[in-house]
Each structure stands twice: as C-alpha cells, then as structure tokens.
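K.L.:
curious how this folds, go ahead:
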Amino acid sequence: MTPNIQIIGEILMKKKLKLVGLIIIVITLVNVISDIESHRINGVFNLAEYEIDIKQYNENFNKEKVPDTLVTAHTAKNARDIAQVVWLDIYGNHVLRMKPYKVYYDEDYEMWLVIGRFSLLSFGGEPYLLIRKDGKIIAVWHTK
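P.N.:
Have a look, this model is predicted:
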C-alpha cells in the first residue's frame, strides 16, 4: 500500500471511531434520560375528579382481566410499570406506543394515576389506571 493510501485509511478509521463513539454517547444519554423520566412524578391530581370513571369501571368492566393487586406501588416507576403490565393484558401492544406514561399522585388517598400519552399511531384515546400505594387497582379505563 502506498503511504498516501495508508494515511487516508488511517484518517477514515479515526473518523469511523469518532462516529461510533458519538453514537455510543447518544445512546447512553437517551437511556439515562429515559430512566430519569420513568421515576418522575408529573404532578398531583384530585381523586374526586375521577369518581365517575371509577363508578363506570366498577359497573361495566370485566374485572377478571385485572388482578386486584400486583405489587405495591411505592414509587412513580412502580405505578408506571404496573400500568403497563395491566394495559398490555387488556389493550394489547399498542399501549407501548403511548410512552412516556404520565404519573400523578394524590397524597390524601395515597393513590397513583397513570395516563398513557395519546399517539397518532394508536387507536382511540388514552389508557388510564388508578392504583393505591398498597398495590390495589382501583380502576382501569381507556378514552375513545
């Protein structure tokens, strides 16, 4: 190989290594941001605003599909994970396209509200899940 071709080859190899390094850094940042997002609480909510949804759930929903309790939901991440498991079982894989899920907390009732993000790639509205901190699922519904 001539010296000029060898130098060009070395330069290209260095550029490839820099590009691979940059890709690794971007992937790492995306994973870190995603992990931070999964632990975040989006805010508070008032359980009283969802009384109608809870009533309709209790009257109309096939509760055989929803376990009473899975695991305790002491953190926003626990609540988010439980919601995803329940929604996957009821509504299917399209709920995976509704991330990031939003999580709200009612301190008075020690209750989490998890809401899927509306997506143009999904059908209908958004999935909701109300779960107490002790893990008891209070209601699950999906808007149209």
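
K.L.:
got the domain ranges for the chain?
P.N.:
Here the domain parsing of the chain from automatic domain parsing is 1-38, 43-142.

K.L.:
which one of these is the most hemmed in?
P.N.:
Comparing these by mean neighbour count (mean count of other Cβ atoms under 10 Å), domain 43-142 ranks first with a mean of 16. Placement of C-beta: from N, CA and C, glycine included.

K.L.:
all strands for this protein, in order.
P.N.:
With DSSP state E as the criterion, the chain has strands at 43-44, 102-106, 111-115, 127-132, 137-142.

K.L.:
each with direction, which strands does the second one pair with?
P.N.:
The one in question is strand 102-106. Partner strands and pairing direction for strand 102-106 (DSSP bridges) are strand 43-44 (parallel), strand 111-115 (antiparallel).

K.L.:
with just CA atoms, put that strand into PDB.
P.N.:
The C-alpha coordinates for strand 102-106 follow below in PDB (Å, rounded to 0.1, in the frame of the first residue of the first chain):
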ATOM      1  CA  LYS A 102     -47.600  10.300  32.900                       C
ATOM      2  CA  VAL A 103     -47.900   9.700  36.600                       C
ATOM      3  CA  TYR A 104     -49.700  11.800  39.100                       C
ATOM      4  CA  TYR A 105     -50.100  11.300  42.900                       C
ATOM      5  CA  ASP A 106     -52.900  12.100  45.300                       C
END
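
K.L.:
pull the distance from it to the chain's centre.
P.N.:
Strand 102-106 sits 12 Å away from the centroid of its parent chain (Cα atoms, centre = their mean, to the nearest Å).

K.L.:
now the angle between strand 127-132 and it, please.
P.N.:
In terms of direction (axes from the mean of the first three to the mean of the last three Cα atoms, to 10 degrees), strand 102-106 departs from strand 127-132 by 30 degrees.

K.L.:
and strand 102-106, average pLDDT?
P.N.:
If you average the pLDDT over strand 102-106, you get 94.

K.L.:
many thanks, I have nothing further to ask.
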